[in-house]
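Enquirer: I'll drop the sequence and a predicted model, then ask my questions.
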Amino acid sequence: MHIVRRALLGSLWALIGWKPSFAIDTSPETITQEEASSVTPRHVLCFLGRDRDLSQLSEAAAKAIRDFATGFSVDEDYSQTEPDDRMNRSFDVCWDRVEPDAWNEADEKAVADHQSVLYVLGPSMARADTVEVSMTALRLVERLIEAGAVAVKGESAGIAHGLDRWRKLAGQGVEAKNAGDPLAQQRVGRLAFAKRPLSARGYLESVGFHLVGLPEVYVPETAGSQRQVVAIIDAVADEIGKQGLDRTLKARGASLSFDSAYDVDEFKFNPYGIVKVAG
């Protein structure tokens, strides 16, 4: 299946966060760590335009690729100079429901009124490069918003923010880069490009942490309210980034699994595994 179509279908089938009226109903795939290690994550970014001329956005993307976004490319096959009637549903599923005011009515209207779609593909990422590439992806998002994109979605985890939120995240990324703080960069990249919480099989889960080199974090639904569980997910991710996986597993009484609900050829598949926090 084509890279963009696979990513788009993935976001259309993604799960809503705070009130999980949908749940992942696929059975986990039994995958070995060796099989998982052969997978390299990548970004797929979706930009909506306000009119049926994509030249401004595509030229801005091409310039950004020349200037700083090495390895990224515009997808010519699935970018289109007409509205995509699936976008309302897709963005509705993908809006971030964790950050207060992550989007507003103007963002929703921009999606409803869009007239064109541009897809930009990131390079396949080695684990050591994920944070740097994700910071580049965030910078690319900011550049295309400046060029006139009216809505933006990260297809690789099915996450969308409003334009103001994207700008704020991009600013935080610049601050973290200027400070030379890799953990802060990892955190910003995670907040920008990963989605949580998803509900499945008794857990509230993250998806997309592999885009910054981290395993997913699954927390039992019984651990607290959804907001409390999100706080645990984020804390565990921070701990892995700061002190490493083994120490975090031991401190949390957690386990590492590679039994994913996603196939290895799906962009939501995390080759670094799943940390399951004990109930």
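Expert: Structure's in. What do you need? Residues are numbered from 1 along each chain as shown.
Enquirer: measure the nearest residue to residue 256 once chain neighbours are set aside to residue 213 for me?
Expert: Spatially, and ignoring its direct neighbours in sequence, residue 256 is nearest to residue 273 (4.9 Å; C-beta to C-beta, 6 or more residues apart in numbering). For the C-beta atoms, the positions are set from N, CA and C on the backbone; glycine is no exception. Distance, residue 273 to residue 213, using C-beta to C-beta, to the nearest Å: 12 Å.
Enquirer: the more surrounded of these two?
Expert: Neighbour totals were compared for residue 273 and residue 213, and residue 213 leads with 24 against 21 (other C-beta atoms under 10 Å).
Enquirer: residues contacting that one?
Expert: 127, 128, 130, 131, 186, 272 (C-beta atoms under 8 Å, 6 or more residues apart in numbering).
Enquirer: in helices only, show me the residues you listed.
Expert: 130, 131, 186 (DSSP state H).
Enquirer: next, format these as a markdown table and append distance to residue 220 and neighbour count.
Expert: Output for those, formatted as a markdown table (distance: C-beta to C-beta, whole Å; neighbours: other C-beta atoms under 10 Å):
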| residue | distance to residue 220 | neighbour count |
| --- | --- | --- |
| 130 | 27 | 24 |
| 131 | 29 | 26 |
| 186 | 25 | 25 |
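Enquirer: closest one of those to residue 196?
Expert: residue 186 (15.1 Å; C-beta to C-beta).
Enquirer: okay, buried residues for stretch 245-262 please.
Expert: 245, 248, 249, 252, 254, 257, 258, 260, 261, 262 (16 or more other C-beta atoms under 10 Å).
Enquirer: pLDDT wise, what is the second one at?
Expert: When you say that, I think you mean residue 248. Note on residue 248: pLDDT of 98.
Enquirer: and it, how far from residue 148?
Expert: In this view, residue 248 and residue 148 are 42 Å apart by C-beta to C-beta.
Enquirer: residue ranges of the strands in this structure, please?
Expert: 44-49, 73-80, 116-121, 151-154, 159-161, 195-200, 203-207, 216-220, 255-257, 274-276 (DSSP state E).
Enquirer: closest one of the ones in helices among the contacts of residue 213 to residue 222?
Expert: For those, the nearest to residue 222 is residue 186 (28.5 Å; C-beta to C-beta).
Enquirer: just the helices in the stretch 1-150 of the chain please.
Expert: 3-12, 33-37, 55-67, 87-94, 105-113, 130-146 (DSSP state H, counting those that start in this stretch).
Enquirer: in CSV: these, plus mean pLDDT and distance to residue 191.
Expert: Below are the helices of the stretch 1-150 of the chain laid out as CSV (pLDDT from 0 to 100; distance: least, C-beta to C-beta, whole Å):
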stretch, mean pLDDT, distance to residue 191
helix 3-12, 47, 18
helix 33-37, 75, 24
helix 55-67, 98, 21
helix 87-94, 97, 15
helix 105-113, 98, 17
helix 130-146, 98, 10
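Enquirer: lovely, talk soon.
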